[in-house]
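Q: build me a structure from this.
(one chain, ligands or ions: 3)
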Amino acid sequence: MKDDVITVRAACPHDCPDTCAIRVTVQGGKAIKVQGDPEHPPTHGALCTKVSRYPERTYSCDRVLHPMRRVGPKGSAQFERVSWDEALSDIVLRLKAIAARDPQAIVPYSYAGTMGLLQGESMDRRFFHRLGASLLDRTICASAGGEALAATYGGKIGMHVEHYAESKLIVIWGSNSIASNLHFWTFAQAAKRNGAKLICIDPRKTETADKCHQHIGILPGTDGALALGLMHELIVNDWLDHDYIERHTEGWPKLRERALLWPPERVAQTCSITADEVRGLARDFGTTKPAAIRLNYGMQRVRGGGNAVRLVAILPCLTGAWRHRAGGMLLSASGWFPVDRLALQRPDLMGSRKCRTINMSTIGDDLLRGPSAEFGPKIEALIVYNSNPVAVAPESPKVAKGFLREDLFTVVLEQFMTDTADHADYVLPATTQLEHLDVHISYGHSYAMINERAIEPLGEARPNTAVFRELAQRMGFDEPCFKDSDEAMARVAFNKDVSFEALRASHWVKLPLPDAPLAQGQFRTPSGKCIIDSPIFGVPDHVPNYESPQSELAKRFPLAMISPPARNFLNSSFVNVKSLRDIEGEPMVEMNEADARSRGVANGQFVRVFNDRGEYVCKAVLSARARPGVVNGLGIWWRKLGARGTNVNEVTHQRLTDIGRAPSFYDCLVEVRPVGASVS
Ligand SMILES: Nc1nc2c(c(=O)[nH]1)N[C@H]1C(S)=C(S)[C@@H](COP(=O)(O)OP(=O)(O)OC[C@H]3O[C@@H](n4cnc5c(=O)[nH]c(N)nc54)[C@H](O)[C@@H]3O)O[C@H]1N2
Ligand SMILES: Nc1nc2c(c(=O)[nH]1)N[C@H]1C(S)=C(S)[C@@H](COP(=O)(O)OP(=O)(O)OC[C@H]3O[C@@H](n4cnc5c(=O)[nH]c(N)nc54)[C@H](O)[C@@H]3O)O[C@H]1N2
Ligand SMILES: [Mo]
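A: Ligands and ions are numbered 1, 2, ... in the order given. Have a look, this model is predicted:
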């Protein structure tokens, strides 16, 4: 019946630790409501403000609904409508010509616009592997912390999020949980009601810090020093669990020596806090049981991000916090999931070819490079999906310049006309999560999920899988795997413990893990122990920022800038949803009153935020959320919606972290000055 109302079980696809279970109400083929699933323990019936607007985003009149070909100059956003057949035939001609010279001149560019295993890392990867295209090192978000965790614990493993409700101390470290990890916050609040103490470590006084008992406002990039200072206090006060250290860690004596060089006074100076704050935090962490840390990726977007994550990850091993299910740490839990990436992505299709790797975080430099023995061929074609690099990649003046190259062939699979889509030769309309099948893991809970298709694709939109399946066929790739349906791929996505039938029947499957998974050690390392002295990285240390307030550069650019997420956007997604943009207001930078006054900046005034790389024009908001010496440029606006077509990445740089080859977005010195009245 046309007006039948049905409920379809979906999963939120966005790049967020929460991966919520969603119930979609569909009436007469149209999605009319999305709701958090009350039965899914982490979701608890609640969605964030952004995703509760998912139907508004899906049915937005700005959706890209048919293929388009560029007609104006590069970057001018002038397109004409073409058929799928015209678009795909031309794309295949262009790719074949480039591949005949060297397929590595073709580069895929994708990240986590959807975290789905099918729409994010299946048929697309098969296609590029078979083609022999460049590989992409997907470093833009989490690889410093992820590889640091792997070096320490042997994988991205951690606590079950639900058990934070029973903790007596929660240290929220480099995370604005209310904004970006809301469903963890529900458990932290339950703990608070049961008498737990909550401490937030963040240069910005966030809305999460407001709700904690204590806020420790360190300088960006000094977390490693703080962790060493905590170890110092754990040692001198003997708050160590010697038995856990002995049985389940390797290399402590060397780190112990190093930590003894970091008394609270030294730490206080490096972090720009008081020695009593260091001592108090150490006492709380050393003497409260169970004590848990919620670390998030915010603190690893600096030069020493990898070392800092290793140091923080070692802390709960020193106190034996892991013995209790409500103790330990969570950065990411995605390593618990038994995903069969070989089956999904088929790297064997590369055969004996050694394809070069492009780091997505240096795409600005790499697009501007000529051919060389070291680099390989010049990049001639980019195929972008699930990402908006012109807005989100560091040092965007260079990224935009690269995308403007007339000799670059760019295809963008998108739902909306983003800054990146504006620079395409072809834009191909992509389905949203309501319009395709997918299966999901999470990096913040331990449930595998399914996303059933709720509605027919709008307009001529197609899932990423369908586009790459057809491209493969038109390129003449005749391996049977290019005929696999989405359901066939979903069936091989997990290799044990999670069956497709179970997902389909019950919507999610909880991973069969012990409650306190590291209580008896059992780290995922070869020895089963927590590795403190790593054969690759040695003993972790505090690594100062590239652009630290103590450096020479600070004489010209004395303010440290961080650019954490705005609450109502998800990276650059949702910036185009008007009701959410209205809540966020305008692109802005938060400044401490003293820093503003000494520069003659008034509240609400337009300012230039600049350094040698570029200049970002936005409004100044005078706020106690910014500590002295640090400004907060909340992200990530679309460039075309900002004053003078800029966003915060105008001033960030492309230098990489100590571990994991990731960008150091929050390791960035700037100066701020008022601009005259007229800004356009
Ligand atoms: N609403 C919303 N939710 C999101 C996102 C979003 O854009 N919007 N992004 C999603 C993505 S992609 C990710 S990766 C995750 C996690 O994304 P993260 O980038 O970890 O974001 P937050 O959890 O908000 O944590 C960032 C916090 O770290 C702080 N910070 C910055 N520099 C430092 C530092 O040097 N040390 C310390 N201790 N803190 C620092 C910032 O001020 C901020 O409050 O969140 C996801 N969830
Ligand atoms: N200055 C600064 N820069 C940052 C950060 C920061 O904190 N500060 N954060 C960094 C982090 S943590 C991350 S993760 C990156 C995020 O960078 P990206 O992964 O590029 O994330 P988004 O900006 O959300 O862009 C995702 C795009 O994918 C599209 N999309 C969604 N679903 C689909 C689909 O099914 N098919 C197709 N074809 N497209 C789809 C959306 O419409 C959206 O335009 O940004 C990084 N950049
Ligand atoms: Mo991210």
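Q: what residues does residue 491 make contact with?
A: For residue 491, the contacting residues are residue 500, taking C-beta atoms under 8 Å, 6 or more residues apart in numbering as the criterion. Every residue, glycine included, has its C-beta placed from N, CA and C.
Q: surely residue 230 is in a helix?
A: Yes: for residue 230, which was evaluated using DSSP: H, G, I helix; E, B strand; the rest coil, the result is membership in a helix.
Q: test my guess that it contacts residue 282.
A: Yes: the pair residue 230 / residue 282 is scored as a contact, 4.7 Å apart, by C-beta atoms under 8 Å.
Q: more neighbours, the two?
A: For residue 230 against residue 282, the residue with the higher neighbour count under other C-beta atoms under 10 Å is residue 230, and the figures read 29 against 24.
Q: per-residue confidence for the more buried one?
A: The predicted local distance difference test score for residue 230 is 98.
Q: over to residue 550?
A: Looking at residue 550, its pLDDT reads 88.
Q: for the closest residue to it other than its chain neighbours, helix, strand, or coil?
A: The shortest distance from residue 550 to any residue that is not its chain neighbour, by C-beta to C-beta, 6 or more residues apart in numbering, is 7.3 Å, and that residue is residue 544. The local conformation at residue 544, judged by three-state DSSP, is coil.
Q: now residue 544: how far from ligand 1?
A: Between residue 544 and ligand 1 the distance, using C-beta to the nearest ligand atom, to the nearest Å, works out to 12 Å.
Q: run through the residues that contact that residue.
A: The contact partners of residue 544, by C-beta under 8 Å, 6+ apart, come to 221, 303-304, 550.
Q: contact residues of the stretch 551-680 of the chain facing ligand 2?
A: Remark: the part of the stretch 551-680 of the chain in contact with ligand 2 comprises 563-565, 570-573, 635-636, 648-649, 652, 665, using C-beta under 6 Å from any ligand atom.
Q: scan those residues and report the most crowded one.
A: Each of those was scored for neighbours by other C-beta under 10 Å, and residue 649 scores highest at 32 neighbours.
Q: that residue: what secondary structure?
A: helix.
Q: grab the nearest non-local neighbour of it.
A: Spatially, and ignoring its direct neighbours in sequence, residue 649 is nearest to residue 396 (4.1 Å; C-beta to C-beta, 6+ apart).
Q: wait, what's in contact with that neighbour?
A: If you count contacts by C-beta under 8 Å, 6+ apart, residue 396 has them with 364, 390, 614, 639, 646-647, 649-650, 652.
Q: how about residue 656?
A: Each residue near residue 656 by C-beta under 8 Å, 6+ apart is listed here: 139, 359, 361-362, 662-664.
Q: same thing with residue 14?
A: Contacts were defined as C-beta under 8 Å, 6+ apart; by that measure residue 14 touches 50-51, 112, 114-115, 570, 573.
Q: quick one: it is in a strand?
A: No: with three-state DSSP as the criterion, residue 14 is coil rather than part of a strand.
Q: that one and ligand 1: what is the separation?
A: Residue 14 sits at a distance of 7 Å from ligand 1 (criterion: C-beta to the nearest ligand atom).
Q: and what of residue 46?
A: 14 Å.
Q: just the pLDDT for that residue.
A: What the model reports for residue 46 is a pLDDT of 94.
Q: heads up, I number from 32, so please use that
A: Got it, first residue is 32 now, which makes that one residue 77.
Q: so it lies in a helix, does it not?
A: No: under three-state DSSP, residue 77 falls outside any helix and is assigned coil.
Q: excluding its backbone neighbours, what's nearest it?
A: Leaving aside its sequence neighbours, residue 77 sits nearest to residue 67 (C-beta to C-beta, 6+ apart; 4.6 Å).
Q: may I have the beta-bridge partners of residue 441?
A: Beta-bridge pairing of residue 441, defined through DSSP bridges, involves residue 413.
Q: my guess is it contacts residue 453, does it?
A: No: using C-beta under 8 Å, residue 441 is not in contact with residue 453, being 10.3 Å away.
Q: need the helix or strand of the protein with the lowest average pLDDT.
A: Among the secondary structure pieces of the chain, namely its helices and strands, helix 609-615 has the lowest mean (mean pLDDT, DSSP states H and E), a mean of 87.
Q: let me know the secondary structure of the residue of the stretch 282-431 of the chain found nearest ligand 1.
A: In the stretch 282-431 of the chain, the residue found nearest to ligand 1 is residue 329; the distance is 2.2 Å by C-beta to the nearest ligand atom. Using three-state DSSP, the three-state assignment for residue 329 comes out as helix.
Q: residue 288: which element?
A: Element membership of residue 288 [criterion: DSSP states H and E] is helix 283-290.
Q: and the pLDDT at the residue of the stretch 282-431 of the chain closest to ligand 1?
A: Each residue has a pLDDT score; the one for residue 329 is 94.
Q: leaving out the residues flanking it, which one is nearest to it?
A: Across the structure, with C-beta to C-beta, 6+ apart as the measure, the residue nearest residue 329 apart from its sequence neighbours is residue 205 (4.1 Å).
Q: and what of residue 393?
A: Here the nearest residue to residue 393 in space, its sequence neighbours aside, is residue 685; by C-beta to C-beta, 6+ apart that works out to 4.9 Å.
Q: show me how this protein divides into domains.
A: The chain breaks down into these structural domains: 99-172+372-469+486-529, 175-362+548-562, 583-707 (assignment by automatic domain parsing).
Q: what is the end-to-end distance of the longest one?
A: Between the opening and closing residues of domain 99-172+372-469+486-529 we find a distance of 40 Å, counting by C-alpha to C-alpha, to the nearest Å.
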